[in-house]
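In: pasting the sequence and the predicted coordinates here, then a few questions.
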Amino acid sequence: VKVHLKDFKRKEDGYAWVNLGDGDVDWAAVRQAFADIGYSGSAVTELEGGDEAYLRDVVRRIDRLVLGRG
């Protein structure tokens, strides 16, 4: 199983990719779905790049949204 994390915002003409936690994904439901199946594997997210502060923010978002920490 591979988990690829993304978030998006719905728009009238489709959608736009946004930072994790800034979109329409129900992260509580995602966490529950992982728990329901006993998922304990890895997950990745795709980034356009960024400085150290941005990368640290992404890690905090993953910890909060996917792992339920913080």
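Out: Looks like it came in fine.

In: buried ones in the longest helix anywhere in the chain?
Out: Ranked by residue count and defined by DSSP state H, the top helix of the chain is helix 52-65. Buried residues in helix 52-65, counted by 16 or more other C-beta atoms under 10 Å: 58, 61-62, 65. Where you see a C-beta, it was placed from the backbone N, CA and C, and this is true even at glycine.

In: return the member of these nearest to Leu5.
Out: Of all the buried residues of helix 52-65, Ile62 has the smallest distance to Leu5: 6.8 Å, by C-beta to C-beta.

In: gap between the closest one and Asp24?
Out: Counting by C-beta to C-beta, to the nearest Å, the gap from Ile62 to Asp24 is 18 Å.

In: before we move on, what about His4?
Out: In terms of C-beta to C-beta, His4 sits 17 Å off from Asp24.

In: do the same with Ala16
Out: Counting by C-beta to C-beta, the gap from Ala16 to Asp24 is 10 Å.

In: what is in contact with the two at once?
Out: Overlap of the contact sets of Ala16 and Asp24 (by C-beta atoms under 8 Å, 6 or more residues apart in numbering) consists of 8-9.

In: using PDB, write out every CA atom in the longest helix of the chain.
Out: Provided in PDB are the C-alpha atoms of helix 52-65 (Å, rounded to 0.1, in the frame of the first residue of the first chain):
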ATOM      1  CA  GLU A  52      13.600  25.000   5.900                       C
ATOM      2  CA  ALA A  53      10.700  26.800   7.600                       C
ATOM      3  CA  TYR A  54       8.300  25.600   5.000                       C
ATOM      4  CA  LEU A  55       9.500  22.100   5.300                       C
ATOM      5  CA  ARG A  56       9.200  22.200   9.000                       C
ATOM      6  CA  ASP A  57       5.600  23.500   8.600                       C
ATOM      7  CA  VAL A  58       4.800  20.600   6.300                       C
ATOM      8  CA  VAL A  59       6.100  18.100   8.900                       C
ATOM      9  CA  ARG A  60       3.900  19.800  11.600                       C
ATOM     10  CA  ARG A  61       0.900  19.600   9.400                       C
ATOM     11  CA  ILE A  62       1.400  15.900   8.700                       C
ATOM     12  CA  ASP A  63       1.900  15.300  12.500                       C
ATOM     13  CA  ARG A  64      -1.300  17.200  13.300                       C
ATOM     14  CA  LEU A  65      -3.600  16.100  10.400                       C
END
